[in-house]
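Student: Need a 3D model of the sequence below.
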Amino acid sequence: MASNDIHIPEHCEHETHTTGALHDKLPPVVETLVAAWQTEDCFDHVGPVPIPSHTSIINIIYQVRQILFPGYFTKTKIHGSNLEYYLGKETTELYERLSREIIMAIRHDCRRSNLPCTHCEERGHRMALSFIESLPGISALLSTDIRATLAGDPATASTDEVIFCYPGLLATSIFRMAHELYLLEVPIIPRIMTEHAHSLTGIDIHPGATIGPGFFIDHGTGVVIGETTIIGSNVRIYQGVTLGALSLPKDAGRVMRDVKRHPTIEDDVIIYANTTILGGDTTIGARTVIGGNIWLTESVPSDTRVILKRPELLYSGRKGGTS
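Tutor: Numbers count the residues shown, from 1 in each chain. Okay, the predicted model is just below:
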C-alpha cells in the first residue's frame with residue numbers, strides 16, 4: 001500500500017453506506033413540506049415580497065439607547081468636546097437604517113395585501129425623521145422614569161445602576177421608542193421591538209399602551225400591559241401585574257380591534273405583585289394602592305386601599321416530631 005493511501009476499515013465502509021441510505025429518506029420529507037406550504041393552513045414568506053430585518057430592528061433599538069444614554073452603551077469614550085459630533089453621526093446613521101426598515105415594512109404590507117401604491121419611500125423617510133425628532137421627548141420621559149425608580153426603590157441610590165441593570169427601565173425605554181413608531185402607524189416594527197424587550201426581561205408591554213411620566217416597574221418579571229391600557233403619571237407596579245382584557249368573543253381580533261379593552265390607571269397609583277386588573281371600563285382612581293394577589297374587574301375610587309383579608313395559616317410539626 002502506498003504511503004499516501006488511506007485504509008478505511010470495513011466497519012467504517014458499512015457506516016458510510018448506511019448514512020447514505022438515510023440521506024435518501026430526506027427528499028420525500030422535503031416534498032411533503034413543499035406540498036403543505038401550498039395550502040391555506042401553512043404560513044410562509046416565499047417569494048419576492050420584501051420583509052423587514054429582525055436583526056436590523058434589534059440593532060436599531062441599541063443604537064437608539066446609545067443616543068438616549070450617551071457614553072453608557074458605547075466602546076467610544078464620549079467627552080463634552082465630541083458629544084455633538086457623536087450624536088450627529090449616530091442620528092444620521094439611525095435615520096438611514098430606520099428609513100430603510102420602515103420602507104421595507106410599508107412595502108411588505110402593501111404587497112402582501114395587494115394595496116395600491118402608498119409612496120413607501122417618501123413615507124418611510126418622513127416617519128424616520130419624525131421618530132428622530134421625538135428623541136428629545138423620549139429622553140425627557142426616561143429621565144422621569146429614572147427618578148421614579150430612584151425614589152421608589154431603596155435597594156439602589158445609583159443612576160448608573162438603574163440605567164445599566166434594571167429590567168423595568170430597559171423594557172420601558174424600548175416601549176417608549178416603540179410607542180412613538182406605533183403612533184406614526186409604522187407597521188410591525190414597534191411590535192418586534194417590544195417583543196424583544198419581552199424576551200429579555202419577561203415584561204410584556206404592547207406598543208399601543210399609553211404610559212405617563214415617572215413610570216416605575218419594580219422587579220418586573222411577568223408584567224403584562226395591554227394595547228389600550230392608559231397609565232397616568234408616577235405609577236408604580238410590581239412583578240406579575242397584569243393590566244389585561246376581559247374574556248373576548250371568538251372573533252375578537254376583528255370586532256374588538258378599535259375598542260378599549262384594558263384598564264385605566266390614574267396618577268400616583270401603586271399596584272403590588274401578582275395583581276390582575278381587567279377590562280376597558282375598569283378605572284383605578286388616583287393615589288389608590290392595590291395590594292398583592294388581587295383580582296379586579298371593576299373600578300376603584302381615588303384614595304382607596306384594596307387588600308386581601310389575611311388568610312388563616314396552619315402550622316404543624318414534622319412527621320415524627322413534637323408539635
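
Student: and Pro167, how far is that from Gly222?
Tutor: Distance from Pro167 to Gly222, counting by Cβ to Cβ, to the nearest Å: 11 Å. Bear in mind the C-beta positions are built from the backbone N, C-alpha and C, glycine included.

Student: just the helices in the chain please.
Tutor: 10-23, 26-37, 54-68, 83-112, 120-133, 135-152, 159-165, 167-183, 189-201, 252-255 (DSSP state H).

Student: Please work out which of these is packed deepest.
Tutor: Burial of those is given as mean neighbour count (mean count of other Cβ atoms under 10 Å); helix 167-183 ranks first at a mean of 23.

Student: What mean pLDDT does it get?
Tutor: Averaging pLDDT along helix 167-183 yields 98.

Student: for stretch 287-305, same thing?
Tutor: pLDDT averaged over stretch 287-305 gives 98.

Student: residue closest to the middle of the chain?
Tutor: Computing the C-alpha centroid of the chain and ranking residues by Cα atoms, centre = their mean puts Thr194 first, at 1.9 Å.

Student: quick one: it and Ile205 touch, right?
Tutor: Yes: counting by Cβ atoms under 8 Å, Ile205 is a contact partner of Thr194 at 5.6 Å.

Student: Break the protein into its domains for me.
Tutor: What automatic domain parsing lists as the domains of the chain is 51-203, 209-248+256-310.

Student: which one of those domains lies closest to Glu31?
Tutor: Glu31 lies closest, by Cβ to Cβ, to one member of these: domain 51-203, at 25.6 Å.

Student: Show the end-to-end separation of the closest one, please.
Tutor: 26 Å (Cα to Cα, to the nearest Å).

Student: if I look at the closest residue to His196 other than its chain neighbours, how far off is Ala178?
Tutor: Leaving out its chain neighbours, the residue that sits closest to His196 by Cβ to Cβ, 6 or more residues apart in numbering is Ile58, at 5.6 Å. Taking Cβ to Cβ as the measure, Ile58 falls 12 Å from Ala178.

Student: before we move on, what about Phe164?
Tutor: 21 Å.

Student: picking up where we left off before, tabulate the domains of the chain (CSV), appending distance to Leu26.
Tutor: Formatted as CSV, the domains of the chain follow (distance: least, Cβ to Cβ, whole Å):
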stretch, distance to Leu26
domain 51-203, 27
domain 209-248+256-310, 42
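
Student: Comparing those, which yields the minimum mean pLDDT?
Tutor: domain 51-203 (a mean of 93).

Student: Determine how far that one lies from the middle of the whole chain.
Tutor: Remark: domain 51-203 is offset 11 Å from the chain centroid, using Cα atoms, centre = their mean, to the nearest Å.

Student: what's the answer for stretch 216-223, then?
Tutor: In this view, stretch 216-223 has its centroid 13 Å away from the chain centroid, taken as Cα atoms, centre = their mean.

Student: outside of it, which residues touch it?
Tutor: 145, 148-149, 152-153, 167-168, 171-172, 201-205, 235-242, 273-274 (Cβ atoms under 8 Å, 6 or more residues apart in numbering).

Student: What's the end-to-end length of that stretch?
Tutor: End-to-end distance (Cα to Cα), stretch 216-223: 12 Å.

Student: Ok, stretch 115-124 next?
Tutor: 16 Å.

Student: contact partners of it?
Tutor: Residues outside stretch 115-124 that contact it (Cβ under 8 Å, 6+ apart): 99-100, 102-103, 106-107, 109-110.
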